[in-house]
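Q: Here is a sequence with its predicted model. Questions after.
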Amino acid sequence: MIRWTILLALLLAPAAAKADWVAARAERLFPPEQSEAEACRLAEDKAKEDAVRRITGERLSSEELMRCSEQGDQAECTHNSAVWSMVDGDVRAIRNRRVETLAVLDGVRKCVVDLEAEVVVPPGRPDPAFDLGVRLNGAVYRQGEPLEITLSPSQPMGVAVFQWLPYETGEAQVSRILPNPYDRLSHIDRQTTIPSEMGRKRYVLRADFPPALEGKRRMVDEYLMVVATRNPVEFRDSYSLDEFKARLLELPRGESRMVRKAYSILRAEK
């Protein structure tokens, strides 16, 4: 999670999302120590991710997804990455789902999932001229290290920054970290660093290893999403992941841009 350290005491109208049915197929190899149910769940995640990609045409860069080979729980990380990659589209329904498990060799098996998914995406087409570069000051943070976000807009735009904590539940899953009580910035027209020039006089963003996971793992993965719109949009302070995805589906693609960034936090050594 990101912890606040205090140093000193026009809306877009909702638009109708577009739905399409698309066929997708994915498979997952799994060793004897992994359960068939978990392997098939990950294969289905991948099939849904592929279905959304077929409709949106979006492909995420390596900086937007977790490096799951570095995580303690690779299956959980793979699931989280698949969920996060589908945040700009939503699978509303599944039909004609078929699951088959096949033997490969030496105890290794393969789960194959075929399905048809009803994918809902925001209306309109993306505007390539409306773009936003996002850079973090690191990819892996130690407990307590400051986190800074640099935004580079192609033109003036409204911005809001959100954090997704996959290990949380309910409205604690997605929280808005900008604008915030110490940094009211919601519109940029040039390269800007968060905390902003005025904001850094009042607070610091620090990487904070979740206390509930102390002793359970050495590293956690977390995600940021920067939502850019042609005009500032009002967002709530927090959402469940499903609520957040539904809110994003209201933003026309030609009027918005969403940029994701993944990062990891290392637990402090005792």
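A: Nice, I can see it. Residues are numbered from 1 along each chain as shown.

Q: Tell me the helix or strand right after the strand ranked longest in the chain.
A: When the chain is parsed with DSSP state E, its longest strand is strand 90-105. On the C-terminal side of strand 90-105, the closest following helix or strand by DSSP states H and E is strand 108-121.

Q: doesn't V233 make contact with M157?
A: No - using C-beta atoms under 8 Å, M157 makes no contact with V233, being 10.5 Å away. Quick note: C-beta positions are derived from backbone N, CA and C, even for glycine.

Q: what is the mean pLDDT for the longest strand of the chain?
A: Computed over strand 90-105, the mean pLDDT rounds to 94.

Q: in its sheet, what does that strand sit against?
A: Strand pairing for strand 90-105, using DSSP bridges, gives strand 108-121 (antiparallel).

Q: For the strand it pairs with, buried residues please.
A: R109, C111, V112, V113, D114, L115, E116, A117, V119, V120, V121 (16 or more other C-beta atoms under 10 Å).

Q: And for stretch 88-99?
A: D88, G89, D90, V91.

Q: Okay, domains of this protein per the record?
A: 2-15+124-266, 18-121 (automatic domain parsing).

Q: per-stretch mean pLDDT over these, give me the minimum one.
A: For the domains of the chain, where the average pLDDT is lowest is domain 18-121, sitting at a mean of 83.

Q: distance between the ends of that domain?
A: One end of domain 18-121 sits 6 Å from the other (C-alpha to C-alpha, to the nearest Å).

Q: can you check stretch 222-240 too?
A: Stretch 222-240 end-to-end distance (C-alpha to C-alpha) = 15 Å.

Q: buried set for that stretch?
A: 222-230, 232-233, 235, 238-239.

Q: Pick out whichever of the residues you listed sits closest to L178.
A: V226 (8.5 Å; C-beta to C-beta).

Q: Just the element for the closest one, please.
A: strand 219-229.

Q: Contact partners for V112?
A: R25, A26, E27, A43, V99, E100, T101, L102 (C-beta atoms under 8 Å, 6 or more residues apart in numbering).
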